[in-house]
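*Asks:* below is the sequence, then the predicted model.
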Amino acid sequence: ARTKTAGYCWKNLGPHFGRMAVEAIDQDAVDDYVALREAGRIGRPSSPATCRRELAAMIAALNEGAKGGRRALYPAAILNPIDLPPSAPPRERWLTMAEVQMLFDAAREMRPGNTLSRGERFLWLALETAARKGAILDLTWDRVDFDAGVVRYDVPGRAQTKKRRADVPISDTLRGVLERARDERENDLVMGNTCDPYATVKRIAKRAGIKGVSPHVLRHTAATHMARNGVPLWTVAQVLGNSLQMVERVYAKWAPSEPERNVNLISMGTLEVAE
């Protein structure tokens with residue numbers, strides 16, 4: 001479903017696995033690959049989590065080749081079981097509201113004229129809808145439903161992946177920004193022309209004097225603040241387009257516990273405290 005991602009993975013996988021027979025790809029071959037990648041002897045020095053992503057793409061392709069019954073490229077029995085390197089721990093970096101305001105101030109100072117910059121539009125959509133960068137870049141004005149108050153990120157006909165794109169309600173704050181951006185629009189894309197979100201966000205963060213900011217950090221910030229403010233985790237999962245299990249694993253620590261949330265409901269503040 002994601003051809004470019006597969007191509008990036010094969011750029012590193014190919015030199016090591018490209019000439020191997022399918023049945024020769026075993027745990028030893030995988031362990032050798034991880035050691036070479038970590039040492040920088042294939043590509044740049046990389047973490048086990050990066051190796052895991054690349055190897056997972058290859059294993060998915062190998063499994064696909066064994067499907068189809070008589071049309072399979074080879075029998076599934078020749079595939080060796082493989083243990084992947086560990087996944088990366090959840091990222092902890094998120095922005096305070098003060099830092100978020102600093103980003104918006106910096107983006108406003110960087111406007112080329114009197115209209116909203118692409119950086120401002122990206123920041124607002126990322127922080128008010130928790131969308132991924134790809135979904136924001138693909139968003140067209142016909143999927144911003146002002147009447148229903150919803151941003152529809154999923155592209156009709158788009159191949160479905162595990163990274164689902166959700167329909168996200170338009171917040172009161174975001175509505176005004178989107179209405180202005182619509183009035184200033186250049187074409188059918190909400191972002192106008194394609195931009196590099198990493199470079200754009202890094203440039204704004206440097207102007208604001210804030211370190212460790214990326215498009216993913218903006219999404220993580222939105223989800224963290226929802227959890228900290230008591231939004232049910234299943235609702236956070238709906239907004240993110242993630243599974244509830246993943247959201248609980250990453251964000252449950254920020255959510256007020258049920259006892260903490262509900263003890264004030266016992267007396268509802270109706271009892272007088274003795275002086």
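*Replies:* Sure thing, it's come through. Residues are numbered from 1 along each chain as shown.

*Asks:* quick one: list the elements packing against the longest helix anywhere in the chain.
*Replies:* Scanning the chain for the helix with the most residues, using DSSP state H, yields helix 48-65. Packing partners of helix 48-65 (3 or more CB pairs under 8 Å, 6 or more residues apart in numbering; DSSP states H and E): helix 3-17, helix 27-39. All C-beta atoms are positioned from the backbone trio N, CA, C, and that covers glycine.

*Asks:* how about the strands in the stretch 151-275 of the chain?
*Replies:* 167-169 (DSSP state E, counting those that start in this stretch).

*Asks:* which stretches of the stretch 51-200 of the chain have low pLDDT?
*Replies:* 90-91, 160-162 (pLDDT under 70).

*Asks:* count of residues packed around Leu240?
*Replies:* Neighbour count of Leu240, defined by other CB atoms under 10 Å: 25.

*Asks:* ok, now which ones touch it?
*Replies:* Contact analysis of Leu240 by CB atoms under 8 Å, 6 or more residues apart in numbering lists Ala130, Ala166, Arg219, Ala223, Val247.

*Asks:* and the gap between the fourth one and Lys253?
*Replies:* The spacing between Ala223 and Lys253, counted by CB to CB, to the nearest Å, is 12 Å.

*Asks:* now do the first one
*Replies:* The spacing between Ala130 and Lys253, counted by CB to CB, is 18 Å.

*Asks:* the two - which one has more neighbours?
*Replies:* Ala130 (23 against 12).

*Asks:* give me the residue at the spatial middle of the chain.
*Replies:* Arg132 (4.5 Å; CA atoms, centre = their mean).

*Asks:* hmm, back to that, from the contacts of Leu240, which land in helices?
*Replies:* Counting by DSSP H, the contacts of Leu240 contribute Arg219, Ala223, Val247 to helices.

*Asks:* excluding sequence neighbours, find me the nearest residue to the last one.
*Replies:* Think Val247. Ala237 (4.2 Å; CB to CB, 6 or more residues apart in numbering).

*Asks:* and if you look at the first one?
*Replies:* In this structure, Arg219 finds its nearest non-sequential neighbour in Ala130, 5.1 Å apart by CB to CB, 6+ apart.

*Asks:* thought that neighbour was touching Ala223?
*Replies:* Yes: with contact defined as CB atoms under 8 Å, Ala130 counts as touching Ala223 (5.5 Å).

*Asks:* common neighbours of the two, please.
*Replies:* With CB under 8 Å, 6+ apart, Ala130 and Ala223 have common neighbours Val239, Leu240.

*Asks:* give the contact list for Gly212.
*Replies:* Contacts of Gly212 by CB under 8 Å, 6+ apart are Arg93.

*Asks:* any idea of the pLDDT on it?
*Replies:* For Gly212, the model assigns a pLDDT of 91.

*Asks:* the helix or strand where Ala98 lies packs against which elements?
*Replies:* Assigned by DSSP states H and E, Ala98 belongs to helix 97-109. In terms of contacts (3+ CB pairs under 8 Å, 6+ apart), helix 97-109 is packed against helix 118-129, helix 197-208.

*Asks:* for the first one, C-alpha coordinates in CSV please.
*Replies:* Coordinates of each C-alpha in helix 118-129 appear next as CSV, following Å, rounded to 0.1, in the frame of the first residue of the first chain:
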residue,chain,number,x,y,z
ARG,A,118,1.9,27.2,5.3
GLY,A,119,3.7,26.7,8.6
GLU,A,120,0.8,28.2,10.5
ARG,A,121,-1.8,26.1,8.7
PHE,A,122,0.2,23.0,9.4
LEU,A,123,0.7,23.8,13.1
TRP,A,124,-3.1,24.5,13.6
LEU,A,125,-4.2,21.3,11.8
ALA,A,126,-1.6,19.2,13.5
LEU,A,127,-2.3,20.5,17.0
GLU,A,128,-6.1,20.8,16.7
THR,A,129,-6.8,17.6,14.9
